[in-house]
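Visitor: A structural model of the following input is requested.
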Amino acid sequence: YTLHGIPRMHERPIGDLVEALNAAGARIDYTGQPGYPPLHIYRGHFHARHMQVKGNVSSQFLTALLMAAPLMAADGDVTIEVVGDLISKPYIEITLNLMRRFGVDVQRDGWQAFTVSEGQKYRSPAAIHVEGDASSASYFLAAGAIAGGPVRVEGVGRDSIQGDVRFVEALEQMGASITVGDNWIEAQSNGVLKAIDADFNHIPDAAMTIAVAALYADGPSTLRNIASWRVKETDRIAAMATELRKLGATVEEGADFLRVVPPEQIRAATIDTYDDHRMAMCFSLASLDGAARKGATVRINDPKCVAKTFPEYFEAFAQTTRDDLFQP
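Guide: So this is what the prediction gives:
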């Protein structure tokens, strides 16, 4: 098999996963730049009972090995060791939770070693509830915090297994009032947000929403430990800094942080999205500023890139905010 992907995928590192799979008995070759797709995958035979994978680039590599481990555990336990720090731990918790629902109980030693015992197999749970997407919910909850609200999102709540529901903790730090039910979350505020300085390693996708919400804060905000932004759909640290500056913010970017000093008033701007669905969705929040309602239009290029995860996003956003001047 040959895996290609869109051009951006050829810039996203996958070497750590390929090395782990090859060490376990797979045969995967690079057809272009080593460490990146495209890949040629040959028929192989997994034989390793102990695998290692780095955890500081993407938690998706560990998720892939965890999901494959029961297929290799027919004749013995399979252990996966994480080398170094593991980012995005809440996403691994989702993987473990769902594997458990499908009959596979993964034993773990902290966040450094995960073991699937011999003979465990996937079994259908017959029926399963699929939650709403907590990352997508972040834009509506942030709108409630920015504009005053209340805005209620249904489909995620205190029973959610998604780590991104912790996004509301950041909104609370910024002064929003959050109410959580079993299957819903509601956000509101007095319309004044506080600056925030926080580590967002655990919710890197939802943290993008905070970066734009920082436009409305009462001082400089700093988002830390977000190095994984560099290897997403685009270099999100660089892209976020560029687009926030268009709106009048003063932005300092580092290898793994972003510092946003809000403008006195958001400027009219045309926002580029870099074929990144989350850039498009989070920058819709810039339209909530009073300046936008006075004619300082915020235009978003290539809004259809949201089709990757939320095709009807702009329609839902316009209905929620009821802003007649918002142009999707």
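Visitor: how near is Thr95 to Ala134?
Guide: Computed as CB to CB, to the nearest Å, the Thr95 to Ala134 distance reads 15 Å. The C-beta positions use only the backbone N, C-alpha and C, and glycine is treated the same way.
Visitor: okay but Val260 is in contact with Ala249, surely?
Guide: Yes. Contact criterion CB atoms under 8 Å: Val260 and Ala249 qualify, at 5.4 Å.
Visitor: returning to that earlier point: ok, Thr95 and Ala134, which is more surrounded?
Guide: Legend: neighbour count by other CB atoms under 10 Å for Thr95 and Ala134, higher for Ala134 (27 against 19).
Visitor: is it true that that one touches Val156?
Guide: Yes. At 4.9 Å, Ala134 and Val156 qualify as touching, with contact defined as CB under 8 Å.
Visitor: could I get the contacting residues of Ile187?
Guide: One thing to correct before we go on: residue 187 is Ala, not Ile. Neighbouring residues of Ala187 by CB atoms under 8 Å, 6 or more residues apart in numbering: Leu141, Ala142, Gly144, Ala145, Gly149, Pro150, Val151, Val168, Leu171, Ala176, Ser177, Ile178.
Visitor: I should have written Ala280 there, sorry.
Guide: By CB under 8 Å, 6+ apart, the contact set of Ala280 is Ile271, Thr273, Ile300, Asp302, Pro303, Cys305, Val306, Tyr313.
Visitor: hang on, the earlier thing: any residues in contact with both of Ala134 and Val156?
Guide: Counting by CB under 8 Å, 6+ apart, the common neighbours of Ala134 and Val156 are Gln162, Val165.
Visitor: quick revisit: who has more neighbours out of Val260 and Ala249?
Guide: The residue with more neighbours, out of Val260 and Ala249, is Val260; 28 against 24, by other CB under 10 Å.
Visitor: and that one, that one's in a helix?
Guide: No. Val260 is assigned strand when assessed by DSSP: H, G, I helix; E, B strand; the rest coil, not a helix.
Visitor: so it bridges to which residues?
Guide: Following DSSP bridges, Val260 is listed with bridge partners Ser221, Val251.
Visitor: how close does it sit to Phe114?
Guide: Using CB to CB, we find Val260 at a distance of 36 Å from Phe114.
Visitor: anything in contact with each of Val260 and Ala249?
Guide: Common neighbours of Val260 and Ala249 (CB under 8 Å, 6+ apart) are Ala214, Leu215.
Visitor: what residues does stretch 90-98 touch?
Guide: Contacts with stretch 90-98, where a contact means CB under 8 Å, 6+ apart, come from 59-60, 62-63, 66-67, 86, 106, 108, 111, 114, 161-164, 166, 202-203.
Visitor: buried ones in it, by neighbour count?
Guide: Buried positions in stretch 90-98, judged by neighbour count with 16 or more other CB atoms under 10 Å: Pro90, Tyr91, Ile92, Ile94, Thr95, Leu96.
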